[in-house]
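**Student:** here is a sequence with its predicted model. Questions after.
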2 protein chains.
Amino acid sequence: MSTATPATLPDLATADVVDLAAAVCDIASVSGGETALADAVAVALAAHAHLEVLRDGDAVVARTSLGRERRVVVAGHIDTVPIKGNVPTWRAVADDGTEELWGRGTVDMKGGVAVALHLAAALTEPRWDVTWVFYDHEEVASELNGLGRLVRLHPDWVAGDLAVLGEPTAGGIEGGCNGTLRAEVSTTGRTAHSARGWRGVNAVHAAAGILDRLNEYEPREVDVDGLVYREGLNAVRVTGGIADNMIPDSCVVTVNYRFAPSTTPAQAEAHVREVFAGYDLRVTDLAGGARPGLDDPLVAGFVDAVTGVTGGAPGPKYGWTDVARFAELGVPAVNFGPGDPMLAHADDERCPVDQIRTCALALRAWLAQGA
Amino acid sequence: MSTATPATLPDLATADVVDLAAAVCDIASVSGGETALADAVAVALAAHAHLEVLRDGDAVVARTSLGRERRVVVAGHIDTVPIKGNVPTWRAVADDGTEELWGRGTVDMKGGVAVALHLAAALTEPRWDVTWVFYDHEEVASELNGLGRLVRLHPDWVAGDLAVLGEPTAGGIEGGCNGTLRAEVSTTGRTAHSARGWRGVNAVHAAAGILDRLNEYEPREVDVDGLVYREGLNAVRVTGGIADNMIPDSCVVTVNYRFAPSTTPAQAEAHVREVFAGYDLRVTDLAGGARPGLDDPLVAGFVDAVTGVTGGAPGPKYGWTDVARFAELGVPAVNFGPGDPMLAHADDERCPVDQIRTCALALRAWLAQGA
C-alpha cells in the first residue's frame, strides 16, 4: 500500500471550473489506475449534504432526491488513455488568441467531468433530480466498462428520463448514436501450388464479389426523432493467403455497418446478411445505437436551454458511444461536452478553456431553470 | 571439432542403388549441416580414377574428361528439409505390394543423388563427357543455393550442353520450367473513422478492380521446343486494414505470374504491368524459366533413351526449379528423378524402390550407349 498523502480536489462548488478541470487531469487515472481519482471524487462529493454518494469499484455516483417530476443522468468516465509526458497540465495561448488547457484528459474527458463535478456541488436545488455518474474503464475493452457494470449491477443508480454524456462534442449537442455491427464475410477455395494454380480454387479472386457489393452499396440517411443519421457499410480489413507460392483457400473481408438508432441490432444483422447473401458471414460485434429522444419535452427543454447559451443546433452522433448503454435501459441520451473529439487521445490533446466554461454555463442554465 | 568417425558410403560402383540411397539418407544433411555428407561423397568419388573431383564449400563436383563431342551435367542437391523422426530410413511394403524406402530425403532428393553417385562411379567410359554435381543449400533462401554459387564462382564446373536435374518427377521427364514473377499490386485511399466513412477513401473497396482483372485474365498455353507450358496469374495474398474502426488507406494484393520459358523476365514484367495498368505495382521477385531444349539432338537422344526404359512421354515442368540456373548459362535442362513430388517435405516421405532402380537403368541406358 502507498503511504503517500491522498490526492485531493479543490472545493467543487467554489473552484473555477477550469482550475477544477486541471486538478482532475493532474490526478493521473489511466484505465485500471483510477482509484486515486475515484477516491478524491468520492471525498469531494461527500462534502455536499444534498448529495447521496454511492460507489462500486472505481465508479462513483452522487444523486439528489428532491422529489422532482423527472430525473436526469449526467455521466462521464474518469479514466484516460496512457499519458505521453502531458501530465501535469499546462495552459497556453494559441496563435489566434484562444487560451487552451493542454494535457492528457483535457478533451477525453476530464473537461466534461469537471463541469459535472462543479455543478453537482453548486446546484443544491436543481430543476430536475440529477444523478451524477463518474465511471471507470471506458478506454479499454467493452466488458470492463464501468458504466456497463453499473447498468448490470445497479440499474437503479443510472435510471432516469434523459442521460447527458459529457464526451467531447466541442460544446455542441450530438444526439443518440448510430449502432455498429462488425462481421467477417468470407470465401473459401481449395489450395494448390501457384505453379499449378488451375488445380486450386482461388478464394481471394472469389472475394471480388464481396467488394463489388460494397462498392454498389448505397448507404441510407435515416431521420430519427428529428435528427438525420447517416449510415455506412465499409470493409475495415481484408486478409487472405497462406504463402507466396500457394493458391489461397480462404479470404476474409471484415465489414463494419454503422446503422441508425431506429434499426434494432437484429434488423441490422438481417440487413447485412441480405447484402452479402451467398457468402459465409459471421457477426463478431453488434451493439445497437441510441435514440436522441428529441421528441420528448424534457429533451427539448435541454436543447432549448443549452443552445440558448451555445448558439449551435443539435446534430446526430455517428460514432458509437456509451450513450447506447442508456438506450438498453430505455433512457434517451445525448452527448454534450467540451473539447474537439479529433484531439482525443492525441499527443497534443488540448481544450479551449472557454468551451469548458460555456458547457458549465449551458448545463447550469438548464438545470437551474426556475430555481 | 567432432572426433567421431567420419560417416562413409559403400562403394559407389558396386553397391545396390537402393542400398546406396538409404546410406545417403542416413547421413543427415539438413540445409546448413551438409558437411558430413559432402565429405563422404567427396571421399567416395575420389576413389574412382576416371573422375576429377572438385569442391567449393559443401558442393562437390566430379567430372570425366574423355574428349567427347558433348558434355552433360547431372546435378542434385544433397541437403534436406528438417528431419521429423524419419532418419534413419526403413523399408516397408505398401498395401498394393509396392516396396518403398521411407524417410527424410528419400524423395527430395537423395534417391536422385544415389542414382547419380552410382553411375558416376560405374560408368567409366560414358557416351558423353559427364559433370556430376552434388550441391548444398537448395532447401533454404535462394541466395544461399550451392548451385547458384557454382554458377557465379565456377561457371566452367557446371558448363555443358544439357543438364539433368535429379529432382523428383516420379521417374518422368519434365522439361525446363516456367519462370516466376511476384508483385505487390496496391491501392491507396484516405483513412477516416468508420463511423464517418464518407470522410475517407476505402482502399479495400478500390481493390475490387485488381481482383476483377485477375478474374478476367485468360492464362496462355505456350509451346516451347515441343512442350506446352501452361501459364497462370494468381493472387497469393491480400492484406488491407489498420483497425476494426478505421477506413483502410492501403490494400496490397500479392500476385504470382508463372510464365513460359520463352518469355524473358523483362517481357513478363511488362506483361504484368500492362494487366494492372493504373495500379501501383512493385515487383518483389522475378526469375526466368528454362527451355527444355527438346529440339536439340542431344536432348532428343536423352528423351529417346530414357522413355525407352520408362515408357513415359516428356512433359513440361510448371514449378520453378534449379534447372533455371542452367538456363542462365544457356544450358537446356530437364528434371528427371525418382519419387512423387507431392511427398517431398511430407512427414510420410517415401519412394518406391523400383523408381530408384528404373531411373538408374534409364540414365545408364542413355550414357552407356555405344560404350
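**Tutor:** Cool, the structure landed.
**Student:** tell me who's in contact with residue A:362.
**Tutor:** Shown in contact with residue A:362 (CB atoms under 8 Å, 6 or more residues apart in numbering or on different chains): A:171, A:305-306, A:308-310, A:336. (Glycine included, C-beta is placed from N, CA and C.)
**Student:** again, only this time at 6 Å
**Tutor:** Contacts of residue A:362 were listed using CB atoms under 6 Å, 6 or more residues apart in numbering or on different chains, and they are A:306, A:309-310.
**Student:** give me the three-state assignment for it.
**Tutor:** Here residue A:362 takes the helix state, with states given by DSSP: H, G, I helix; E, B strand; the rest coil.
**Student:** what about the nearest residue to it once chain neighbours are set aside, is that helix, strand or coil?
**Tutor:** Nearest residue to residue A:362, sequence neighbours excluded (CB to CB, 6 or more residues apart in numbering or on different chains): residue A:309, at 3.9 Å. Secondary structure assignment for residue A:309 (three-state DSSP): helix.
**Student:** what's the pLDDT at the spatially most central residue of chain A?
**Tutor:** Closest to where the C-alpha atoms of chain A average out (CA atoms, centre = their mean) is residue A:321, at 3.1 Å. What the model reports as pLDDT for residue A:321 is 89.
**Student:** ok, for residue A:285, nearest residue in space, not its chain neighbours?
**Tutor:** Sequence neighbours aside, residue A:182 is the residue nearest to residue A:285 in space, at 3.9 Å (criterion: CB to CB, 6+ apart).
**Student:** ok but that neighbour is inside a strand, no?
**Tutor:** Yes: according to three-state DSSP, the state of residue A:182 is that of a strand.
**Student:** what is the neighbour count of it?
**Tutor:** Other residues near residue A:182 number 20, with proximity taken as other CB atoms under 10 Å in any protein chain shown.
**Student:** wait, it sits on residue A:283?
**Tutor:** No: the pair formed by residue A:182 and residue A:283 falls short of the contact definition of CB atoms under 6 Å, at 7.3 Å.
**Student:** helix, strand or coil for residue A:329?
**Tutor:** Reduced to three states with three-state DSSP, the structure at residue A:329 is coil.
**Student:** tally of neighbours for it?
**Tutor:** The local packing count at residue A:329 equals 14, with neighbours defined by other CB under 10 Å.
**Student:** for the residue nearest to the centre of chain A, give its distance to chain B.
**Tutor:** In this structure, residue A:321 lies at 10 Å from chain B, with CB to the nearest CB, to the nearest Å as the measure.
**Student:** go through stretch A:197-215 and flag the buried ones.
**Tutor:** Within stretch A:197-215, the residues that count as buried by 16 or more other CB atoms under 10 Å in any protein chain shown are A:197, A:200-211, A:213-214.
**Student:** local confidence estimate at residue A:371?
**Tutor:** What the model reports for residue A:371 is a pLDDT of 52.
**Student:** apologies, that question was intended for residue A:190.
**Tutor:** Reading off the confidence values, residue A:190 has pLDDT 93.
**Student:** does it touch residue A:202 like I think?
**Tutor:** No: if you go by CB under 6 Å, residue A:190 and residue A:202 don't touch, sitting 8.8 Å apart.
**Student:** where does the prediction get shaky in the stretch 1-150 of chain A?
**Tutor:** Low-confidence segments of the stretch 1-150 of chain A, defined by pLDDT under 70, span residues A:1-4.
**Student:** the strands in it, which residues?
**Tutor:** In order along the chain, the stretch 1-150 of chain A carries the following strands (DSSP state E, counting those that start in this stretch): A:52-56, A:59-63, A:71-77, A:90-93, A:99-102, A:129-135.
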